[in-house]
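A.B. asks: A predicted structure for the sequence below; I have some questions about it.
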Amino acid sequence: ETDRFKTQFISVASRKLRDPLLQLRRGLYSLGQGYAGEMKPLQAELVAESSHEAEKLNDTMADLIEVAELDSGKREFKMMKLRPLDELQAARDRYADEAAAKKIHIDVRAYADLSFIEADRRALRSILDNLVSNALRYTLAEGEILLMADEHKEAVRFTVSDTGRGIEAERLGNIFERFNAFSERGSGMGLALVRRLVESLGGQISVESRLGNGSTFHFTIPVARVTESLHPVEVG
């Protein structure tokens, strides 16, 4: 009951804050592009940092709203056949610039002929984006992030592994719980969203980590069903 109340409250609060935040982001973007005149170096640096923080807040609000939609049953999934390699490459490309700026290498390892999965593309994108952005946040320069996929029973197992700082053992048990005190891996809601989305798609998620030795997240998505089709018979 407490979780339900918190979810309802945060859903309403997030939606009320969305428009003011949008105006703030637009203003910071205009300043950063020089539409209000040339800025001094320190001013430009402050605007850039503020823009980055505003984007993080926007991502957190999007996570909160999506969790609320899942809880209320308003989130509709559009299931389709997706190629695992394509989705991993797209995730890498979305974060290529940020990774290059931090001198972090993102590598994709998956065979092109892996079975198709059946999933909602928006949901899978949210899962990968949360995991990759977390990996980037806690991986130092010259580090590496691996995006992998392999077939595991009747599912495709996706893996996001990094060479970052790792996670304390005592915090692994509740890392996917919402509203927990574990704030070092995002908002405390991002990984809760990841788990909800993975489970809603019929999969499971797990994490392996040791402090100082990076983290590895595994999640599974069922393979697409093979549908038989009859070929028309030529007559005459």
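C.D. replies: That came through, no problem.
A.B. asks: Leaving out chain neighbours, which residue sits closest to Glu66?
C.D. replies: Closest residue to Glu66 apart from its sequence neighbours, by C-beta to C-beta, 6 or more residues apart in numbering: Leu193 at 5.8 Å. C-beta here means a position set from N, CA and C on the backbone, and glycine is covered the same way.
A.B. asks: ok, residues contacting the strand or helix carrying that neighbour?
C.D. replies: Per DSSP states H and E: Leu193 is located in helix 190-200. For helix 190-200, contacts defined as C-beta atoms under 8 Å, 6 or more residues apart in numbering pick out 59-60, 63, 66-67, 70, 75, 77, 123-124, 126-127, 130-131, 134, 175-179, 185, 204-205, 219-221.
A.B. asks: Mind listing what's buried along stretch 39-55?
C.D. replies: 47, 50-51, 54 (16 or more other C-beta atoms under 10 Å).
A.B. asks: These in helices, which ones?
C.D. replies: Residues of the buried residues of stretch 39-55 located in helices (DSSP state H): 47, 50-51, 54.
A.B. asks: Report the lowest-confidence entry in those.
C.D. replies: By pLDDT, Ala54 ranks lowest within those, coming in at 87.
A.B. asks: So it is in contact with Arg26, correct?
C.D. replies: No: contact criterion C-beta atoms under 8 Å: Ala54 and Arg26 do not qualify, at 9.9 Å.
A.B. asks: picking that back up, of the contacts of helix 190-200, which count as buried by neighbour count?
C.D. replies: Neighbour-count burial (16+ other C-beta under 10 Å) applied to these gives 59-60, 63, 66-67, 70, 75, 123-124, 126-127, 130-131, 134, 175-176, 178, 185, 205, 219-221.
A.B. asks: In the protein, where is pLDDT below threshold?
C.D. replies: 3-4, 6-7, 10-11, 178-189, 226-236 (pLDDT under 70).
A.B. asks: Can you give me the neighbour number for the closest residue to Glu177 other than its chain neighbours?
C.D. replies: Spatially, and ignoring its direct neighbours in sequence, Glu177 is nearest to Ala192 (6.3 Å; C-beta to C-beta, 6+ apart). Neighbour count for Ala192, taken as other C-beta atoms under 10 Å: 23.
A.B. asks: ditto for the one 5 residues further on
C.D. replies: Residues contacting Leu197 under the criterion other C-beta under 10 Å number 26.
A.B. asks: what about it, distance to Ile221?
C.D. replies: 10 Å (C-beta to C-beta, to the nearest Å).
A.B. asks: Overlap in contacts, those two.
C.D. replies: Counting by C-beta under 8 Å, 6+ apart, the common neighbours of Leu197 and Ile221 are Leu124.
A.B. asks: Distance to Gly143 added to the buried residues of stretch 39-55, as JSON lines?
C.D. replies: Output for these, formatted as JSON lines (distance: C-beta to C-beta, whole Å):
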{"residue": "Val47", "distance to Gly143": "28"}
{"residue": "Ser50", "distance to Gly143": "26"}
{"residue": "Ser51", "distance to Gly143": "24"}
{"residue": "Ala54", "distance to Gly143": "26"}
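A.B. asks: In those, find the pair that's most separated.
C.D. replies: Using C-beta to C-beta, the two most remote members of the buried residues of stretch 39-55 are Val47 and Ala54, lying 10.3 Å apart.
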